[in-house]
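In: Got a sequence here, can you model it:
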Amino acid sequence: MSIEVAGLLKIYGAQKAVNDISFKVNKGEIVGFLGPNGAGKSTTMKIITGYLQADGGTAKVCGLDVQQDPITVKKKIGYLPESNPLYYDMYVREYLAFVAGVHKIKDSKKKIEEVIALTGLATESKKKIGQLSKGYKQRTGLAAALVHDPEVLILDEPTSGLDPNQIIEIRNVIKQQGKNKTVLFSSHILQEVEAVCDRVIIINKGEIAANDTLANLQQGNNETHVVKVEFREEAVDKLKALNDVISIEQPRGSYFVIRTMQPEKVRRQLLELALQHNLNIVSLQTEGQSLEEVFRELTK
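Out: Residues are numbered from 1 along each chain as shown. Below you'll find the predicted structure:
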C-alpha cells in the first residue's frame, strides 16, 4: 500500500477533527478525498504528510510510519497544501531550484525544466512568484511538489484559482502522474473528481461517510435510475412489454427516457426486444445519481 491510514484520531480541545478513520490507497490509483468545510480533510492530509501529529492511530506511506520515520516519508511525498505557502520574493526558477536543493536532486536544472513544461509555467517562469496570478502561483506549488519525482502525491485543492482552461491542463497532469504514482487529492469541484478519480473517499464530521468507486457510489441503493435508448425504427409499441419500469418518456422520434429501479434488468430487456423485433439500437446508456447528489446525501 502506498498510503495506509488506520484508526487515525486528531482532537482539538473538545472537538474530534478526525475520529478513528481508516483507508488505503494503492500505487497507480487516483483517489478523491471529499467533504464539506471543516470535515477533517486537510487535517488528515497534514497528518499523512507529517506536518501534523496524530493523537491516535497510524499513518503509513510506502510502508513507513509517518511518526517514526518522518524525514524518509517526506522524501517520498509531493505535497501541495491548501494554503500553498511560497516565497514571493523569489523567481519561479529560483524557488524550484531551492526546493530541488532541499531534496538534493542530481541534474536539478533538467528536472526543473521538465516540471515547468509539465505544469505550463514556461511563459511566467522568469517572474517573481509575487507577480504571478493565483492560478500560476498554484502551478508553481504543484511544480515544487513534483520536482523530486515523488512516489506519492498529496494535493489539497490543486485547481483552486485556476480558470477553466487551466483546470483541464492540471487535470491532465494529475491523470498522467496517476499512471505510476499514488495520488490523493481533495477538491470542491466535483466535476473534476468525476473526470479524474478511480475512487472517492467522503469524510463528514471527522468520520468516513463513503469509500467506494464512483460507479458504485452513483449506483446508489434505492434511487431511481434513468435508462436512455434510441432506436433507428419506430419502437413505442414494443416498449409496452417492458417490466420493472416506473415511467417512459419520448422526447423525440424513437428516443426514450426510461425511469426504473432495476436499470440492468431494463437494459437486458431492451436488448432482447431488439433481437426479437429486428430493431437497431442507435444508443443505450444508464445514468445513476450524480456525484453532487451522492455528496449532498452523505453530508447533509
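In: got a list of what the residue nearest to Asn280 when sequence neighbours are not counted touches?
Out: Nearest residue to Asn280 in three dimensions, chain neighbours excluded: Arg232, at 4.0 Å (C-beta to C-beta, 6 or more residues apart in numbering). All C-beta atoms are positioned from the backbone trio N, CA, C, and that covers glycine. Arg232 is in contact with Ser254, Leu279, Asn280, Ile281, Val282, counting by C-beta atoms under 8 Å, 6 or more residues apart in numbering.
In: where does Glu249 land in three-state SS?
Out: Three-state call for Glu249 (DSSP: H, G, I helix; E, B strand; the rest coil): strand.
In: now swap in Gln68 and tell me
Out: coil.
In: cool, and Ala195?
Out: At Ala195, secondary structure determined by three-state DSSP is helix.
In: hang on, it packs against Arg171?
Out: Yes: applying C-beta atoms under 8 Å, one finds Ala195 in contact with Arg171, separated by 5.9 Å.
In: What is the nearest of the contacts of Arg232 to Asp244?
Out: Distances from Asp244 to those, taken as C-beta to C-beta, are shortest for Ile281 (18.5 Å).
In: roughly how far apart are the closest one and Lys228?
Out: Using C-beta to C-beta, to the nearest Å, we find Ile281 at a distance of 11 Å from Lys228.
In: Could you pull out the buried residues of whichever strand or helix holds Arg296?
Out: Assessed by DSSP states H and E, Arg296 sits inside helix 291-299. Using 16 or more other C-beta atoms under 10 Å as the test for burial, helix 291-299 gives Leu291, Val294, Phe295, Leu298, Thr299.
In: tell me what it is packed against?
Out: helix 190-196, strand 199-204, strand 207-213, helix 214-219 (3 or more C-beta pairs under 8 Å, 6 or more residues apart in numbering; DSSP states H and E).
In: which one of these has the lowest average pLDDT?
Out: Sorting the helices and strands packed on helix 291-299 by mean pLDDT places helix 214-219 lowest, at a mean of 75.
In: for it, packing partners?
Out: Contacts defined by 3+ C-beta pairs under 8 Å, 6+ apart place helix 214-219 against strand 199-204, helix 291-299.
In: Apply 7 Å and report the result again.
Out: With contacts taken as 3 or more C-beta pairs under 7 Å, 6 or more residues apart in numbering; DSSP states H and E, helix 214-219 sits against helix 291-299.
In: picking up where we left off before, in terms of neighbours, single out the busier of Ala195 and Arg171.
Out: Between Ala195 and Arg171, Arg171 has the larger neighbour count (other C-beta atoms under 10 Å), namely 18 against 14.
In: any idea which element the more buried one lies in?
Out: helix 164-177.
In: what sits up against that helix?
Out: Residues external to helix 164-177 that are found in contact with it (C-beta atoms under 7 Å, 6 or more residues apart in numbering): 30, 118-120, 135, 142, 153, 158-159, 162, 183, 185, 192, 195-196.
In: CA atoms of that helix as PDB?
Out: Extracted in PDB, the C-alpha atoms of helix 164-177 (Å, rounded to 0.1, in the frame of the first residue of the first chain):
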ATOM      1  CA  PRO A 164     -11.400  26.500 -17.000                       C
ATOM      2  CA  ASN A 165      -8.600  26.000 -19.500                       C
ATOM      3  CA  GLN A 166      -6.000  25.800 -16.700                       C
ATOM      4  CA  ILE A 167      -8.200  23.300 -14.800                       C
ATOM      5  CA  ILE A 168      -8.200  21.000 -17.800                       C
ATOM      6  CA  GLU A 169      -4.400  21.300 -18.200                       C
ATOM      7  CA  ILE A 170      -3.800  20.500 -14.500                       C
ATOM      8  CA  ARG A 171      -6.400  17.700 -14.600                       C
ATOM      9  CA  ASN A 172      -4.400  16.100 -17.400                       C
ATOM     10  CA  VAL A 173      -1.200  16.500 -15.400                       C
ATOM     11  CA  ILE A 174      -2.800  14.700 -12.400                       C
ATOM     12  CA  LYS A 175      -4.100  11.900 -14.600                       C
ATOM     13  CA  GLN A 176      -0.700  11.400 -16.200                       C
ATOM     14  CA  GLN A 177       1.000  11.300 -12.800                       C
END
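In: what packs against whatever helix or strand comes next after that helix?
Out: Counting by DSSP H and E, the next helix or strand C-terminal to helix 164-177 is strand 182-186. On a contact count with 3+ C-beta pairs under 7 Å, 6+ apart, strand 182-186 meets strand 30-34, strand 152-156, helix 164-177.
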